[in-house]
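Asker: Model the following, please.
(one chain, ligands or ions: 2)
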Amino acid sequence: MKNQHQITPSWDQIRRAPKVLLHDHLDGGLRPGTIVELAHETAPRRLGGAGGTPVPPLPETDPDKLGVWFREAADSGSLERYLETFSHTVGVMQTREALVRVAAECAEDLAEDGVVYAEVRYAPEQHLAGGLSLEEVVEAVNEGFREGELRARRGGRRIRVGALLTAMRHAARALEIAELANRYRDLGVVGFDIAGAEAGYPPTRHLDAFEYLKRENNHFTIHAGEAFGLPSIWQALQWCGADRLGHGVRIIDDIQVLDDGTVELGRLASYVRDKRIPLELCPSSNLQTGAADSYADHPIGLLRRLHFRATVNTDNRLMSGTSMSREFDHLVEAFGYTLDDLQWFSVNAMKSAFIPFDERLAMINDVIKPGYAELKSEWLFQQTASTRGSLASDG
Ligand SMILES: O=c1[nH]cnc2c1ncn2[C@H]1C[C@H](O)[C@@H](CO)O1
Ligand SMILES: [Zn+2]
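Answerer: Ligands and ions are numbered 1, 2, ... in the order given. The predicted structure is shown next:
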């Protein structure tokens with residue numbers, strides 16, 4: 001007979017399990033129907049997209065077809081091509097109303113999926129084409145997150161959402177965005193990030209922003225080790241001082257599995273594991289941009305076995321057609337993970353969040369562990385029912 005540690009969680013249990021999400025892009029998670037509606041509303045005003053360029057017409061106006069279009073267009077194997085799809089989402093996120101709506105729906109959708117804590121990132125500098133200031137962008141998104149949390153609570157779900165402000169690595173506004181993140185600290189913004197094409201844009205281009213944040217005792221993560229390998233991770237940690245690695249999946253290049261099964265870690269991989277540097281792993285996104293060939297081949301399996309501080313994330317729910325539950329489900333299927341594994345990932349993520357330690361601890365002890373304990377106890381009651389059945393038939 002299987003015990004509760006070996007039972008494969010059902011889809012329903014995965015959905016109900018309390019999940020923690022550290023790496024999710026606001027502009028990568030819009031509902032297709034919302035894009036269609038917002039595009040319709042904003043088209044006559046000819047608002048600019050990212051960088052003030054004209055908004056391209058939507059490739060599809062039927063929400064279902066548009067969802068498929070995003071998944072297929074993002075499925076090229078190249079991070080640069082993947083990023084091109086964002087012109088359609090960023091393009092419709094240029095007014096206060098649109099930002100409030102998108103942020104509220106984001107919080108609602110995550111709560112509906114059983115996410116209890118999320119850090120959602122976006123680049124304020126990409127939402128100025130409609131005339132908003134950086135501050136107005138941040139305030140609109142914060143308002144949306146609060147509204148979404150409220151609607152979730154009314155629907156019987158609890159979620160807490162913090163914002164991460166991203167600076168685009170090809171641009172030159174990182175210090176300004178870091179200062180913005182610092183100004184809105186304790187007002188809904190919990191940290192800073194840099195994103196965008198990795199090759200050719202090393203994180204050290206933005207050292208002034210990172211040094212500023214360190215002086216302010218603030219937190220930041222850096223997209224590194226996704227499309228580019230170890231040098232990018234090394235710079236993010238040893239030059240820039242990142243608290244977490246956005247992706248970091250290419251740390252696998254510094255890990256050798258020998259023929260006899262023993263594993264050797266290089267200096268950088270050892271450092272990452274020893275210092276408990278959180279890896280914001282995003283399996284589906286990595287499959288689309290070419291960092292892994294299949295879920296079963298994804299380095300997360302080995303990194304989990306080796307006890308790296310691995311976390312599971314969605315990156316861009318729209319472009320990958322995913323959710324936290326789907327990411328967990330893929331991993332359950334590929335690696336046979338149990339509820340204990342899912343709890344391990346969730347606790348890892350909560351430990352790595354940018355909110356204060358006492359709040360992280362309370363989330364772990366009062367929300368995450370009791371949630372998994374409840375799910376793990378379900379087998380006991382199934383057992384009782386079948387035992388009763390067989391006792392009754394024994395006469
Ligand atoms: O996986 C990613 N790697 C690098 N940059 C990314 C990724 N996903 C989204 N972005 C970019 C595109 C978005 O417009 C920006 C801010 O969310 O971040
Ligand atoms: Zn990302």
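
Asker: Around ligand 1, pick out the residues from the stretch 251-395 of the chain.
Answerer: Ser285, Asp315, Asn316 (C-beta under 6 Å from any ligand atom). The C-beta positions use only the backbone N, C-alpha and C, and glycine is treated the same way.

Asker: Can you pull the phi and psi angles for the second one?
Answerer: Backbone torsions of Asp315, given as degrees, to the nearest 10, read phi 60, psi -80.

Asker: List the beta-bridge partners for it.
Answerer: Note on Asp315: beta-bridge partners Asp24, judged by DSSP bridges.

Asker: Wait, it touches Asp24, no?
Answerer: Yes. Using C-beta atoms under 8 Å, Asp315 is in contact with Asp24, at 6.9 Å.

Asker: mind putting the residues of the stretch 251-395 of the chain next to ligand 1 in a markdown table, distance to Val189 and neighbour count included?
Answerer: Compiled in a markdown table, those are given as follows (distance: C-beta to C-beta, whole Å; neighbours: other C-beta atoms under 10 Å):
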| residue | distance to Val189 | neighbour count |
| --- | --- | --- |
| Ser285 | 23 | 28 |
| Asp315 | 20 | 28 |
| Asn316 | 20 | 27 |
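
Asker: How are the strands of this protein distributed by residue range?
Answerer: Counting by DSSP state E, the chain has strands at residues 19-25, 115-122, 160-168, 189-195, 220-224, 244-247, 255-257, 263-265, 279-281, 310-312.

Asker: Can you redo the ones you listed as CSV, where the extra columns are mean neighbour count?
Answerer: CSV is the format used below for the strands of the chain (neighbours: other C-beta atoms under 10 Å):
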stretch, mean neighbour count
strand 19-25, 28
strand 115-122, 26
strand 160-168, 24
strand 189-195, 26
strand 220-224, 29
strand 244-247, 28
strand 255-257, 15
strand 263-265, 13
strand 279-281, 29
strand 310-312, 26
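
Asker: Turn those strands into CSV, columns for mean pLDDT.
Answerer: Shown next, in CSV, are those (pLDDT from 0 to 100):
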stretch, mean pLDDT
strand 19-25, 98
strand 115-122, 99
strand 160-168, 98
strand 189-195, 98
strand 220-224, 97
strand 244-247, 98
strand 255-257, 97
strand 263-265, 98
strand 279-281, 98
strand 310-312, 98
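
Asker: Export those strands as TSV, with columns for distance to Lys351.
Answerer: Formatted as TSV, these follow (distance: least, C-beta to C-beta, whole Å):
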stretch	distance to Lys351
strand 19-25	9
strand 115-122	11
strand 160-168	15
strand 189-195	15
strand 220-224	14
strand 244-247	11
strand 255-257	22
strand 263-265	21
strand 279-281	13
strand 310-312	9
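
Asker: Tell me which of these sits nearest to Tyr372.
Answerer: strand 19-25 (10.4 Å; C-beta to C-beta).

Asker: chain center to the closest one: distance?
Answerer: 3 Å (C-alpha atoms, centre = their mean, to the nearest Å).

Asker: For that strand, which helices and strands make contact with it?
Answerer: helix 96-112, strand 115-122, strand 244-247, strand 310-312, helix 324-335, helix 339-351 (3 or more C-beta pairs under 8 Å, 6 or more residues apart in numbering; DSSP states H and E).

Asker: closest to Gly29 out of these?
Answerer: Gly29 lies closest to helix 96-112 among the helices and strands packed on strand 19-25, at 5.5 Å (C-beta to C-beta).

Asker: how about the residues of the stretch 101-250 of the chain near ligand 1?
Answerer: Arg121, Tyr122, Ala123, Gln126, Thr166, Ala195, Gly196, His223, Glu226.

Asker: Can you tell me which of these is closest to Ala310?
Answerer: Once C-beta to C-beta is applied, the member of those that ends up nearest Ala310 is Glu226, at 14.9 Å.

Asker: Roughly how far does that closest one sit from Ala197?
Answerer: To Ala197, Glu226 is 10 Å away according to C-beta to C-beta, to the nearest Å.

Asker: and these two? which has more neighbours close in?
Answerer: Ranked by neighbour count (other C-beta atoms under 10 Å), Glu226 and Ala197 place Glu226 first, with 26 against 17.
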